[in-house]
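S.K.: here is the input, now give the coordinates:
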Amino acid sequence: MKSTYCFILIITLLGTLKIQAQEGLPIYADYLTDNYYLIHPSMAGAANCAKVRLTGRQQWFGHEDAPKLLTLSMNGRIGDTPSAIGGILYTDKNGYHSQTGAYVTYAHHLMFSRSEVDLNMLSFGLSVGFIQYKLDETSFPQDGFDPIIDGVVQSETNLNMDFGFSYNYLDFYAHGTVKNLLKNSGINNDIEITSNLRRYLLSAGYVFGKYGSDWTYEPSLMFQYKEGTQESSIDINAKAYKTTQFGSLWGGLSYRQSLDGAQYLTNSGAIDSQKLQNITPIIGVNYDQFMFAYTYTYQTNSVVFTNGGFHQLTLGYNFNCKKVRYDCNCPAVN
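M.R.: Below you'll find the model as predicted:
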């Protein structure tokens, strides 16, 4: 119990520091493919099994230097203790810009119920990692075109920290995370609006299931806010699970709506605005200890580079599994 109080005290002190960081791991729909740990460090080791997840995302097939992201994550409990560890490796490339990052996570889970039959768990998690940020200027115009262009691959490596909490009570769950606690200047000493990309995430959901039925349904929401650019968006999600003899089948739909509009010039010369709108269908299967998922994102806006072409594959493996502990509809934990 003493170690628990020390852990919470350390996190409280860290939260009072005026520190910020670079962009870090992008927030897509990965978390809906049974991988809340990817965005909420407090979910490390929350599940009944240790998990390995490999995700690849490719945008705009057929276009040169299109954005692509690759992540590898693993997390699990430390024996039978309430503590857990995890790790994330990722590489993110978007045109001339790229990021490579690595995080390590410590999480602690506090049970408030008298037995593990009734799930009532509060979790805290802290991730610490390094991000190497690169800008490839080798093909940029030179000869005095811009004094800050050196014509080389510029690189900067910075420390990053994320902190969050999770609360799981029977069929209900809620998560809150502050990403990018640290502040570091970027390539060419980026101005404040680009170097301060601290992000706040809030998630909540509930899993409905009729007694004796093989079907369960999970509506959820996620809100995110970027402090530096003052941008915000909300995800409205719905998933359904079907229990089978070999595991489970599941699928869903996610709708992302930006709460801030971007202005653009129409063909007639008038100024108009639009808000980001994404629709992402998801399908997945759990077979024994393995998991496979596919997501496709369609952007519904009228002024875009291209509407479709956002493909994502996720492969997973569960190990060191214990027997189902909780009497609840809680797929992210049981």
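S.K.: what's the burial count for residue 82?
M.R.: Neighbours of residue 82 under the rule other C-beta atoms under 10 Å: 16. The C-beta positions use only the backbone N, C-alpha and C, and glycine is treated the same way.
S.K.: pretty sure it is touching residue 112, no?
M.R.: No: counting by C-beta atoms under 8 Å, residue 82 does not reach residue 112; the two are 11.8 Å apart.
S.K.: what's the overlap in contacts for the two?
M.R.: Common contact partners of residue 82 and residue 112 (C-beta atoms under 8 Å, 6 or more residues apart in numbering): none.
S.K.: excluding chain neighbours, what is closest to residue 104?
M.R.: Spatial nearest neighbour of residue 104, chain neighbours left out: residue 87 (5.3 Å); criterion: C-beta to C-beta, 6 or more residues apart in numbering.
S.K.: so for that neighbour, what's the pLDDT?
M.R.: pLDDT, residue 87: 98.
S.K.: spit out the contact partners of it.
M.R.: 73, 74, 75, 102, 103, 104, 105.
S.K.: quick one, what contacts the residue nearest to residue 36 when sequence neighbours are not counted?
M.R.: Nearest non-adjacent residue to residue 36, counting by C-beta to C-beta, 6+ apart: residue 43, 4.4 Å away. By C-beta under 8 Å, 6+ apart, the contact set of residue 43 is 36, 37, 75, 107, 123, 125, 166, 175, 332.
S.K.: now swap in residue 286 and tell me
M.R.: If you count contacts by C-beta under 8 Å, 6+ apart, residue 286 has them with 34, 247, 248, 249, 250.
S.K.: let's see it at 10 Å
M.R.: Listed by C-beta atoms under 10 Å, 6 or more residues apart in numbering, the contact set of residue 286 reads 34, 241, 243-244, 246-250, 292-293, 316, 318, 331.
S.K.: just the buried ones from the contacts of residue 43?
M.R.: The neighbour-count test (16 or more other C-beta atoms under 10 Å) marks 36, 37, 75, 107, 123, 125, 166, 175, 332 as buried among the contacts of residue 43.
S.K.: and the residue nearest to residue 36, what's its pLDDT?
M.R.: 97.
S.K.: roughly how far does it sit from residue 201?
M.R.: In this structure, residue 43 and residue 201 are 12 Å apart, going by C-beta to C-beta, to the nearest Å.
S.K.: okay, and the common contacts of the two?
M.R.: Applying C-beta under 10 Å, 6+ apart, one finds that residue 43 and residue 201 are jointly contacted by 31, 164, 175, 177.
S.K.: in the sheet, who's paired with the last one?
M.R.: So that's residue 177. Following DSSP bridges, residue 177 is listed with bridge partners residue 164, residue 201.
S.K.: state the pLDDT value of it.
M.R.: At residue 177, the predicted lDDT confidence score is 97.
S.K.: what about it, neighbour count?
M.R.: Neighbour count of residue 177, defined by other C-beta under 10 Å: 24.
S.K.: touching, it and residue 223? I think so.
M.R.: No: the pair residue 177 / residue 223 is not scored as a contact, 11.2 Å apart, by C-beta atoms under 10 Å.
S.K.: distance check, residue 179 against residue 257.
M.R.: For residue 179, the distance to residue 257 - C-beta to C-beta - is 20 Å.
S.K.: more neighbours: the two, which one.
M.R.: Taking neighbours as other C-beta under 10 Å, residue 179 and residue 257 compare with residue 179 leading, 25 against 14.
S.K.: quick one: contacts for the more buried one?
M.R.: Going by C-beta under 10 Å, 6+ apart, the list of residues near residue 179 reads 21, 23-25, 27, 39-41, 127, 160-164, 197-201, 224, 226.
S.K.: what about 8 Å?
M.R.: Residue 179 is in contact with 24, 25, 39, 162, 198, 199, 200, 201, counting by C-beta under 8 Å, 6+ apart.
S.K.: next one: it from residue 163, what distance?
M.R.: 9 Å.
S.K.: go on, residue 32?
M.R.: For residue 32 relative to residue 163 (C-beta to C-beta), the value is 22 Å.
S.K.: comparing these two, which residue is more hemmed in?
M.R.: In this view residue 32 and residue 163 are compared by other C-beta under 10 Å, and residue 32 has more residues nearby, 24 against 20.
S.K.: which pLDDT value goes with that one?
M.R.: Residue 32 carries a pLDDT value of 94.
S.K.: could you list every residue that touches it?
M.R.: Residues counted as contacts of residue 32 (C-beta under 8 Å, 6+ apart) are 237, 239, 252, 254, 280, 282, 295.
S.K.: any chance of these in JSON lines, plus secondary structure and neighbour count?
M.R.: Below are those laid out as JSON lines (DSSP: H, G, I helix; E, B strand; the rest coil; neighbours: other C-beta atoms under 10 Å):
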{"residue": "237", "secondary structure": "strand", "neighbour count": "21"}
{"residue": "239", "secondary structure": "strand", "neighbour count": "21"}
{"residue": "252", "secondary structure": "strand", "neighbour count": "22"}
{"residue": "254", "secondary structure": "strand", "neighbour count": "22"}
{"residue": "280", "secondary structure": "strand", "neighbour count": "21"}
{"residue": "282", "secondary structure": "strand", "neighbour count": "22"}
{"residue": "295", "secondary structure": "strand", "neighbour count": "23"}
